[in-house]
Every structure is written in C-alpha cells, then in structure tokens.
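Trainee: Got a predicted structure here, sequence first:
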Amino acid sequence: MNNQLNEKTPNFWTRGKRETKKFYQIELRGSVNIKSFIFGLLLAVAVILPGAIMLFQYLMIYGYRGIFEFYLLLSWFGLLLFNGLSNYFTVKIAQAYEPDNARLQAISAKHVFLYNLLSIGFAILSLFILIFVGLFVFA
C-alpha cells in the first residue's frame, strides 16, 4: 500500500503528451487514418460552428468597436477548443474503426483532448494569426 502512495502519477499534461505521441506512432491503415482525420475535423466543425455563427452574427449586428478584444479572446478560445475536439474525435473514431488494436485502445482520448486543448505552440500561433487578421482586416 505504501508503494501506491509513494508512486507519483503523471499529471494530465505529461500523460496527454505521452498519449498523443503514442497515437502518432501507431501504424494505422491508410483508409482508417484518412477517415478518422476527416470525420474528426467534421465533427469538431459541427460542434464549434453554431457558436462561431452566433458570434459572427452578433459581431455584424452590434459591431465590434467597443469590445473587439473580447471577440478576439472568444475566437481564440474557440480555435483552441476546435483543436482539442478534432484530436479527441480523431482518436475516438480510429478506436472505433480498429477495435482489435490493443495499443490504440489503450490510448486515453480524454488526455489527448486536454493536451491539445492547452497546447502552448498552437495557442501562441493561433493568437498571433488572430491578432494579425483582426488588426489588419477589421481595423
């Protein structure tokens, strides 16, 4: 029992990074790889699109001069959520297509979602792109 208390379990960031790396190392059939990627993107679009349309309509109806930074922040969070959801759905769909692949079934899609939702590199890149587009297109 003391061994269980002394063992340090990895946090969600470390485990998510490990699970994402394991998923990328798994050799999937080409058709499964393409299908899971495309359907993962489409499902993420289906989840994010209603909120994006409402935000865009609100932006066009009421304007953006007063709270432009708030719109950028919501758009940024939406992009981060889209990244996490698309990776989550890709893993889940690949697991559904190959139920006999033990290595694939052992991957925790929840940790992949959390890691990709909070990915530092994607967050910084998408923030710079949003600021660039926001300042030069809407200014």
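Mentor: Received the coordinates, thanks. Numbers count the residues shown, from 1 in each chain.
Trainee: Look up how far residue 86 lies from the nearest residue to residue 88 once chain neighbours are set aside.
Mentor: Once flanking residues are discounted, residue 88 sits nearest to residue 113: 3.9 Å by C-beta to C-beta, 6 or more residues apart in numbering. All C-beta atoms are positioned from the backbone trio N, CA, C, and that covers glycine. In this view, residue 113 and residue 86 are 10 Å apart by C-beta to C-beta, to the nearest Å.
Trainee: And for residue 57?
Mentor: 24 Å.
Trainee: ok, those two, which is more surrounded?
Mentor: Remark: of residue 57 and residue 86, residue 86 carries more neighbours, 22 against 10, as counted by other C-beta atoms under 10 Å.
Trainee: correct me, but that one touches residue 40?
Mentor: Yes - contact criterion C-beta atoms under 8 Å: residue 86 and residue 40 qualify, at 5.0 Å.
Trainee: need the contact list for the nearest residue in space to residue 45 that is not next to it in sequence.
Mentor: Using C-beta to C-beta, 6+ apart and skipping the chain neighbours, the partner closest in space to residue 45 is residue 82 (7.7 Å). Residue 82 makes contact with 44, 45, 48, according to C-beta atoms under 8 Å, 6 or more residues apart in numbering.
Trainee: Could you pick out the longest helix of this structure?
Mentor: Criterion DSSP state H: the longest helix present in the chain is helix 30-62.
Trainee: which residues of this protein fall in helices?
Mentor: In the chain, the helices defined using DSSP H lie at 2-6, 12-25, 30-62, 68-97, 102-105, 109-117, 120-137.
Trainee: Spatially central residue for the chain, please.
Mentor: Centroid-nearest residue in the chain, with C-alpha atoms, centre = their mean: residue 84, separated by 1.3 Å.
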